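Trainee: Sequence and predicted structure are below.
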Amino acid sequence: MSQESKSTSSRPPVRKAVIPVAGFGTRFLPATKATPKEMFPLVDKPLTQYVVEEAVACGIEEIIFITGQAKRAIEDHFDRNIELEYLLDNKGKKKQLEQVMEIADKADFAYVRQKEVLGLGHAILQARHLIGDEPFLVMTPDDIFSGNGPASQALIDAYEETGTPIVGVQEVPKDRVHLYGIVSGEPVRDGLLKMSGIVEKPDPKTALTNLAQCGRYIFIPEIFEHFAKAEPGPGGEIHITVGTNGLISEGPVHAVTIPNQYHDAGSKIGYLQAIVEFALEREDLGDEFKAYLKKRLADEK
Ligand code: UTP
């Protein structure tokens with residue numbers, strides 16, 4: 001084990017999370033024309049609530065949403081709805097009343113607009129004035145994890161162990177590396193890598209690993225300058241990888257494997273799979289839904 005990985009963090013704890021939700025969600029048009037994809041439900045809870053609950057379970061106190069046009073539903077979801085509360089109370093629907101009331105109290109929420117949709121790096125840059133001099137968690141709400149507790153805890157633990165920025169990664173099949181940001185570096189211990197770089201969508205022939213970034217990061221404020229001076233890449237977007245590589249050029253950055261099951265809820269097939277997985281896990285629905293699926297698949301034969 002290297003000296004670095006033994007060192008204790010001299011940086012402050014991670015208290016803030018940035019959740020970018022300003023994208024157009026073009027893979028889900030026409031549904032996303034006026035409805036945020038980040039509000040799509042897995043059964044009855046929107047994707048954004050899953051990531052907010054994950055953040056809070058890891059000790060996050062402040063959540064900064066990077067929003068844009070047609071995203072008002074997200075603000076409403078994390079606010080009180082007095083009329084609805086009154087109605088549920090009058091009807092004696094205590095459980096539902098508790099459910100809707102507690103959402104607004106989960107954390108302190110702030111909203112910043114990304115005026116032009118210029119990529120995730122540009123979206124994160126919009127939070128600069130609210131982050132100050134603290135490390136912060138970044139979570140993309142269409143990357144959803146299940147099982148094994150809150151996925152971001154692996155990043156918080158790695159940050160506390162190394163005192164460096166952290167990129168959450170998972171293994172992907174070698175013939176699919178061209179779809180992801182792929183990290184490279186020196187293993188420090190099982191599941192922890194000291195990064196030498198990250199390449200956006202590499203050719204499978206030249207990719208150095210099959211470890212892909214998967215929507216969870218701990219960054220430090222130094223990253224903002226890299227986003228601020230970045231030129232938009234192909235497609236007119238400023239990617240997160242520009243900032244990560246900028247940090248690597250200035251000091252150590254680690255990648256940690258997230259030990260949970262990953263669901264790509266930003267793609268149609270991944271979203272469908274996530275609904276099935278989450279529905280099967282539900283106490284109130286799981287058995288009935290499984291019986292339906294079994295029968296449906298048996299009828300197919
Ligand atoms: P995605 O690339 O998955 O979302 O970004 P998208 O661009 O909206 O979807 P497609 O590819 O067109 O279907 C991951 C997260 O980052 C946000 C998105 O809203 C999503 O929550 N994002 C993306 C921004 O906030 N700003 C951007 O410029 C890009």
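Mentor: Yes, it's here. Numbering: from 1, shown residues only.
Trainee: Identify the residue spatially nearest to the residue in the chain that the ligand sits nearest to, adjacent ones excluded.
Mentor: Closest to the ligand within the chain is residue 23: 2.1 Å, counting by C-beta to the nearest ligand atom. In this view, the C-beta of every residue, glycine as well, is placed from N, C-alpha and C. Of all residues not flanking residue 23 in the chain, residue 117 sits nearest, at 6.1 Å (C-beta to C-beta, 6 or more residues apart in numbering).
Trainee: need the contact list for the residue of the chain closest to the ligand.
Mentor: 37, 68, 117, 123 (C-beta atoms under 8 Å, 6 or more residues apart in numbering).
Trainee: Confirm the residue nearest to residue 23 sits in a helix?
Mentor: No: read with DSSP: H, G, I helix; E, B strand; the rest coil, residue 117 is coil and lies in no helix.
Trainee: Give me every residue in the stretch 151-300 of the chain lying close to the ligand.
Mentor: residue 266 (C-beta under 6 Å from any ligand atom).
Trainee: Can you check what pLDDT the model gives residue 7?
Mentor: In this model, residue 7 is scored at 45, pLDDT.
Trainee: and what of residue 96?
Mentor: Reported pLDDT for residue 96: 95.
Trainee: That one: neighbouring residues, count only.
Mentor: Using other C-beta atoms under 10 Å, the number of residues around residue 96 comes to 14.
Trainee: Which element, helix or strand, includes it?
Mentor: For residue 96, the host element (DSSP states H and E) is helix 94-103.
Trainee: Contacts only, for residue 271.
Mentor: 28, 40, 263-265.
Trainee: did I read that right, residue 111 in a helix?
Mentor: No: assignment of residue 111 by three-state DSSP gives strand, placing it outside any helix.
Trainee: Surely it touches residue 65?
Mentor: Yes: between residue 111 and residue 65 there is a contact under C-beta atoms under 8 Å: 5.0 Å.
Trainee: The residue of the chain closest to the ligand falls within a strand, correct?
Mentor: No: using three-state DSSP, the assignment for residue 23 is coil, not a strand.
Trainee: pLDDT value on it, please?
Mentor: For residue 23, the pLDDT comes out at 96.
Trainee: Quickly list what's touching both of residue 111 and residue 65.
Mentor: What both residue 111 and residue 65 touch, as defined by C-beta under 8 Å, 6+ apart, is the set residue 75.
Trainee: related to what we said a few turns ago, how about the helix holding residue 96 as CSV, C-alpha atoms only?
Mentor: Output of helix 94-103 as CSV, limited to C-alpha atoms (Å, rounded to 0.1, in the frame of the first residue of the first chain):
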residue,chain,number,x,y,z
LYS,A,94,-51.5,9.2,7.0
LYS,A,95,-48.9,7.1,5.3
GLN,A,96,-49.1,9.1,2.0
LEU,A,97,-49.1,12.3,4.0
GLU,A,98,-45.9,11.4,5.8
GLN,A,99,-44.3,10.3,2.4
VAL,A,100,-45.0,13.6,0.7
MET,A,101,-44.1,15.8,3.7
GLU,A,102,-40.8,14.2,4.4
ILE,A,103,-39.4,14.8,0.9
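Trainee: List the buried residues in it.
Mentor: Residues of helix 94-103 classed as buried by neighbour count (16 or more other C-beta atoms under 10 Å): 97, 103.
Trainee: Which residue ranges of the stretch 51-200 of the chain form helices?
Mentor: 72-77, 82-90, 94-103, 120-125, 128-131, 153-162 (DSSP state H, counting those that start in this stretch).
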